[in-house]
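*Asks:* after the sequence you'll find the predicted model.
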Amino acid sequence: MPHLIPIDVLQRCLGHVRHGFTIVDARQPDQPLLYVNKAFELLTGYSSEELIGRNCRLLQGNDCNQEGVKTIRAAREAGQPVRVTMRNYHKDGTLFWSDMSLTPIIDEFGVLTHYIGVQEDVTGQRKERVRILRQQRQLQVLAERLMRTEAAERQKLACEVHDQVGQTLALCRMQLGELTRDLGGAEIPPSLGAVCGLVEAALKDTRSLMAELSPPLLRELGLAAALQNMGEQQAQRFGLVVRVSVGLDGKPLPEKVTQLVFRSARELVINVGKHAAAQVVQVGLHVDAGELVLTVEDDGKGFRTRRQVEAADGGFGLWSIRERAVYMGGGLKVSSRVGKGTHVVLRLPLAPKRRNS
Ligand SMILES: Nc1ncnc2c1ncn2[C@@H]1O[C@H](COP(=O)(O)OP(=O)(O)O)[C@@H](O)[C@H]1O
Ligand SMILES: [Mg+2]
């Protein structure tokens with residue numbers, strides 16, 4: 001025989017429970033409240049006299065068409081316990097968010113006799129969550145806008161380099177060519193030869209600057225060629241071996257995706273050049289389970305990813321890739337160990353998928 005607690009002791013104890021506690025009589029029509037504790041009175045603004053004998057839906061006011069109500073109904077029909085967060089109303093009509101657990105109590109004959117409810121006001125947490133979600137969304141919008149502004153600015157700069165410096169240099173080259181021809185086979189003075197060489201070098205520099213600023217290959221030849229080209233450029237720039245392997249089935253990818261993959265690959269390879277002291281970097285791009293997967297792996301010195309993420313002055317590159325990826329329904333995973341290199345995986349869904357809020 002289990003030890004029985006005297007009813008008055010039990011009642012006194014429940015009166016001190018911090019959460020709202022209720023017992024519903026499930027055998028009576030319309031399942032009225034049989035007991036409410038002090039915390040429940042404080043939570044709702046109703047006295048126990050006003051509550052006992054009434055159904056809990058009193059707290060829903062006219063707001064019965066909410067998800068939580070449907071969830072509770074389904075759980076009741078299935079004879080299952082349930083926990084929901086739902087809108088409730090104080091006696092004075094003000095709204096509060098209630099986190100409620102409802103558990104069916106079955107007697108020794110298998111008959112449902114009561115429900116017990118435990119309830120807590122979570123309005124504060126709910127507001128905080130909404131505020132955080134709103135801020136997250138603002139951040140994503142900001143990241144997206146930044147990406148677009150950056151692309152537009154790069155393109156503008158590339159055009160200016162082409163139209164101003166590039167044109168002037170091309171003109172210089174033409175005139176130098178005429179000058180050389182005017183010499184009519186006579187020996188070209190060394191200073192003229194040197195100027196010709198300098199102009200050629202400057203023209204080459206403007207071309208690679210234009211390609212850096214706004215890669216025309218991405219639009220003209222597609223992602224695979226643009227990645228190869230980027231790999232060659234960064235290999236030269238940082239004295240690295242860059243291996244690029246692309247395994248796509250040739251299906252056209254949305255421009256937003258190709259832009260993000262290209263820019264991310266470029267940022268990640270530049271990161272290797274700038275920070276990793278690596279010898280080899282492998283860039284891979286393939287499709288896996290409906291996702292485009294970009295991997296960038298190096299054999300460099302690695303870094304403490306946690307410290308990096310937590311640092312207030314943490315870099316912008318990885319942050320902005322992650323934000324853009326998450327905005328598009330994908331993600332970024334950076335695995336790195338000091339002395340063991342870094343492995344970065346960017347996943348982007350091919351079919352549009354937006355984060356749920
Ligand atoms: N491949 C890598 N190898 C070693 N350290 C890296 C690598 N990639 C990133 N890091 C570290 O992470 C930091 C953040 O990178 P990032 O967000 O791109 O910012 P930034 O390149 O502007 O510093 C870098 O400053 C560097 O310390
Ligand atoms: Mg960087």
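*Replies:* Perfect, thanks for sending it. Ligands and ions are numbered 1, 2, ... in the order given.
*Asks:* so is stretch 296-305 next to ligand 1?
*Replies:* Yes - for stretch 296-305 and ligand 1, the contact criterion (CB under 6 Å from any ligand atom) is met by 298, 300-303. C-beta: built from backbone N, CA, C; applies to glycine.
*Asks:* mind pulling the model confidence for Leu14?
*Replies:* In the prediction, the pLDDT value recorded for Leu14 is 89.
*Asks:* out of everything not next to it in sequence, what's closest to it?
*Replies:* Spatial nearest neighbour of Leu14, excluding adjacent residues (CB to CB, 6 or more residues apart in numbering): Asn37 at 4.8 Å.
*Asks:* His275 too?
*Replies:* Nearest non-adjacent residue to His275 (CB to CB, 6+ apart): Phe303, at 7.0 Å.
*Asks:* the one you found against Thr342, yeah?
*Replies:* Yes - at 6.9 Å, Phe303 and Thr342 qualify as touching, with contact defined as CB atoms under 8 Å.
*Asks:* looking at those two, which is more packed in?
*Replies:* Remark: of Phe303 and Thr342, Thr342 carries more neighbours, 24 against 16, as counted by other CB atoms under 10 Å.
*Asks:* ok, the residue nearest to His275 - contacts?
*Replies:* Residues near Phe303 by CB atoms under 8 Å, 6 or more residues apart in numbering: 275, 336, 338, 342.
*Asks:* same question, Val118
*Replies:* Going by CB under 8 Å, 6+ apart, the list of residues near Val118 reads 19-21, 100-101.
*Asks:* what do you get if the cut-off is 6 Å, keeping everything else the same?
*Replies:* Counting by CB atoms under 6 Å, 6 or more residues apart in numbering, Val118 makes contact with 19, 21, 101.
*Asks:* and for Ala202?
*Replies:* Shown in contact with Ala202 (CB under 6 Å, 6+ apart): Leu169.
*Asks:* the helix or strand in which it is found: how far from the chain's middle?
*Replies:* Ala202 belongs to helix 190-213 when assigned by DSSP states H and E. Computed by CA atoms, centre = their mean, to the nearest Å, the chain-centroid distance of helix 190-213 equals 43 Å.
*Asks:* for stretch 224-234, same thing?
*Replies:* 27 Å.
*Asks:* cool, stretch 220-238 as well?
*Replies:* Chain-centre distance of stretch 220-238: 27 Å, with CA atoms, centre = their mean.
*Asks:* what's the answer for stretch 224-243, then?
*Replies:* For stretch 224-243 - counting by CA atoms, centre = their mean - the centre lies 28 Å from the chain centre.
*Asks:* what's the answer for stretch 77-91, then?
*Replies:* 31 Å.
*Asks:* which parts of the helix holding Ala202 are buried?
*Replies:* Buried positions in helix 190-213, judged by neighbour count with 16 or more other CB atoms under 10 Å: 196, 199, 202, 206, 210-213.
*Asks:* same thing with stretch 124-144?
*Replies:* 126, 140, 143.
*Asks:* name the SS class of Arg83, please.
*Replies:* State at Arg83, reduced to three classes by DSSP: H, G, I helix; E, B strand; the rest coil: strand.
*Asks:* show the contacting residues for it.
*Replies:* Ser101.
*Asks:* the nearest residue to Val111 once chain neighbours are set aside: which element?
*Replies:* Once flanking residues are discounted, Val111 sits nearest to Arg27: 7.8 Å by CB to CB, 6+ apart. For Arg27, there is no host helix or strand (DSSP H and E).
*Asks:* any idea of the pLDDT on the closest residue to ligand 2 within the stretch 101-250 of the chain?
*Replies:* When scored by CB to the ion, the stretch 101-250 of the chain has Gln234 as its residue closest to ligand 2, at 12.3 Å. pLDDT, Gln234: 93.
*Asks:* separation between the closest residue to ligand 1 within the stretch 51-200 of the chain and Val344?
*Replies:* Using CB to the nearest ligand atom, the single residue of the stretch 51-200 of the chain nearest to ligand 1 is Ala143, 13.0 Å away. Remark: distance between Ala143 and Val344 (CB to CB, to the nearest Å) = 18 Å.
*Asks:* go on, Asn65?
*Replies:* Taking CB to CB, one finds Asn65 at 47 Å from Val344.
*Asks:* quick one: which of the two has more around it?
*Replies:* Val344 (24 against 8).
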